[in-house]
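K.L.:
coordinates only, sequence not included:
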């Protein structure tokens, strides 16, 4: 593992999500549901230099991922990488510093940084996520998707580090306070992955003969329909993959290495 690669969860959950990755003076942020000030403070408290951020990647336009990207991109003078067909104008109060349009599928390269976007299944227009190489490590983020694809399994198996959504426990969602329409939305193919969905995905991707996956961070836990202790119980019951795992607690910054 490259000792020069640093990465962290600035926050994860239903309210605000953001990740940061840094290698040899080159850093990227994925999503920002916090204010720009909060995101910078969180990153700085974990030892990151936000002046090194070259790009901010957007997965989709829901507020818990989008809310602070606009201001942050201008403060850091960092282009926002977005799906080429995504129209964010109605959500913008002013403007991004710059916008970099990409397509799902092909790889893009900037020096030692190489990445590709892939489609997710979520109730947001042109929802995507990212697979990228930084230093000697390969990362994939799979979150905010109600269904998984063969491509996601392939990319996860090719990764060293996976950030994987475990949004809800199925029984907690069924018994919980949400109205029926919202329960159906969350559990649909355009909603989120349950704990059991995450275990099935991880068993399939991680147990492949060619898998290089060695660590998973379970992220985007619902504050209403999941708890770390419930997820841990589900992991111990259903997870066959023998690698290392960490549960990202709601809203808490987490230095990952």
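P.N.:
Yep, that arrived. Worth saying up front: this structure is predicted, and the values here are computed from it rather than measured.

K.L.:
rest of the way, CA atoms for contacts and neighbours
P.N.:
Will do.

K.L.:
just give me the residue right at the centre of the chain.
P.N.:
For the chain, the residue lying nearest the average C-alpha position, counting by Cα atoms, centre = their mean, turns out to be residue 141 (4.3 Å).

K.L.:
so that residue sits in a strand?
P.N.:
Yes: per DSSP: H, G, I helix; E, B strand; the rest coil, residue 141 lies within a strand segment.

K.L.:
for it, give its distance to residue 56.
P.N.:
Remark: distance between residue 141 and residue 56 (Cα to Cα, to the nearest Å) = 14 Å.

K.L.:
what's the answer for residue 245, then?
P.N.:
Here the criterion is Cα to Cα. By it, residue 245 lies 26 Å from residue 56.

K.L.:
again with residue 92
P.N.:
Note on residue 92: its distance to residue 56, by Cα to Cα, is 16 Å.

K.L.:
so these two - more neighbours on which side?
P.N.:
Set side by side, residue 92 and residue 56 show unequal neighbour counts under other Cα atoms under 10 Å, the larger going to residue 56 at 27 against 14.

K.L.:
my guess is residue 30 contacts residue 58. True?
P.N.:
Yes: with the criterion set as Cα atoms under 8 Å, residue 30 and residue 58 qualify as a contacting pair; they are 6.1 Å apart.

K.L.:
so which residues of the chain form helices?
P.N.:
With DSSP state H as the criterion, the chain has helices at 36-45, 63-66, 69-76, 150-157, 170-175, 180-187, 195-206, 228-238.

K.L.:
nearest to residue 14, out of the ones you listed?
P.N.:
Relative to residue 14, the nearest member of these by Cα to Cα is helix 63-66, separated by 6.7 Å.

K.L.:
quick one: low-confidence residue ranges for the stretch 51-200 of the chain.
P.N.:
Counting by pLDDT under 70, not a single residue of the stretch 51-200 of the chain qualifies.

K.L.:
contact partners for the nearest residue to residue 127 once chain neighbours are set aside?
P.N.:
Beyond its immediate neighbours in the sequence, the residue positioned closest to residue 127 (Cα to Cα, 6 or more residues apart in numbering) is residue 60, lying 4.9 Å away. With contacts defined as Cα atoms under 8 Å, 6 or more residues apart in numbering, the neighbours of residue 60 are 66, 124-128.

K.L.:
at 10 Å instead, please
P.N.:
When contacts are counted by Cα atoms under 10 Å, 6 or more residues apart in numbering, residue 60 is found next to 31, 66, 82-83, 86, 88, 120, 122-129, 144.

K.L.:
any idea how far residue 7 is from it?
P.N.:
Residue 60 sits 21 Å away from residue 7, taking Cα to Cα as the criterion.

K.L.:
kindly report the same for residue 96.
P.N.:
Distance from residue 96 to residue 7, counting by Cα to Cα: 24 Å.

K.L.:
picking up where we left off before, who does the residue nearest to the centre of the chain form a beta bridge with?
P.N.:
Beta-bridge pairing for residue 141 (DSSP bridges): residue 163.

K.L.:
distance of it from residue 90?
P.N.:
Computed as Cα to Cα, the residue 141 to residue 90 distance reads 26 Å.

K.L.:
again, but for residue 107
P.N.:
29 Å.

K.L.:
neighbour count for those two, which is higher?
P.N.:
In this view residue 107 and residue 90 are compared by other Cα under 10 Å, and residue 107 has more residues nearby, 13 against 6.

K.L.:
ok, for the more buried one, nearest residue in space, not its chain neighbours?
P.N.:
residue 116 (4.6 Å).
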